[in-house]
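**Student:** Mind folding the following:
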Amino acid sequence: MSDHSTSKSSPLTTYFAVWAALLVGTFITYKAAFLDLGVFNAAVALTIATTKALLVVLFFMHLKGAPEKLLKLVVISTIFFLFILLALSMADYGTRLRS
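**Tutor:** Numbering: from 1, shown residues only. Below you'll find the model as predicted:
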């Protein structure tokens with residue numbers, strides 16, 4: 001039988017702070033969509049989205065209190081998949097015909 005009374009839960013203020021950070025990240029994504037960054041539009045959007053996803057994983061999925069090895073694995077895999085997304089996006093953009 002699992003003992004839920006000994007597990008630590010994040011305080012409510014932390015949840016609201018992370019929620020506010022996610023809202024700010026969403027607003028930054030919205031504003032960045034109107035900027036003409038050239039080939040870096042997708043890179044900026046994916047970087048902001050990855051940062052927001054990392055916040056969700058760390059705080060809402062309680063990875064912040066997890067063992068250090070698991071945390072390193074998640075951060076490294078997050079950065080790895082960000083680079084994959086950026087590489088595929090830039091490869092797609094680079095092969096498009098310009099008019």
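
**Student:** who touches the nearest residue to Ile79 once chain neighbours are set aside in this structure?
**Tutor:** Computed as C-beta to C-beta, 6 or more residues apart in numbering, the closest residue to Ile79 that is not its neighbour in sequence is Thr50, at 7.9 Å. Using the backbone N, CA and C atoms, a C-beta is placed for each residue, glycine as well. Thr50 makes contacts with 78-79, 81-82, as judged by C-beta atoms under 8 Å, 6 or more residues apart in numbering.

**Student:** what do you get for Thr51?
**Tutor:** Contacts of Thr51 by C-beta under 8 Å, 6+ apart are Gly25.

**Student:** try the one 4 residues further on
**Tutor:** Counting by C-beta under 8 Å, 6+ apart, Leu55 touches 18, 21-22, 25.

**Student:** ok, 7 Å please
**Tutor:** With contact set as C-beta atoms under 7 Å, 6 or more residues apart in numbering, Leu55 has these partners: 18, 21-22.

**Student:** Of those, just the buried ones, ChimeraX syntax please.
**Tutor:** Buried residues among those (16 or more other C-beta atoms under 10 Å), as a ChimeraX selection:
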select :18,22
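
**Student:** Same list (the contacts of Leu55) but as CSV, adding secondary structure, pLDDT and distance to His62.
**Tutor:** Shown next, in CSV, are these (DSSP: H, G, I helix; E, B strand; the rest coil; pLDDT from 0 to 100; distance: C-beta to C-beta, whole Å):
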residue, secondary structure, pLDDT, distance to His62
Val18, helix, 93, 12
Ala21, helix, 96, 17
Leu22, helix, 96, 16
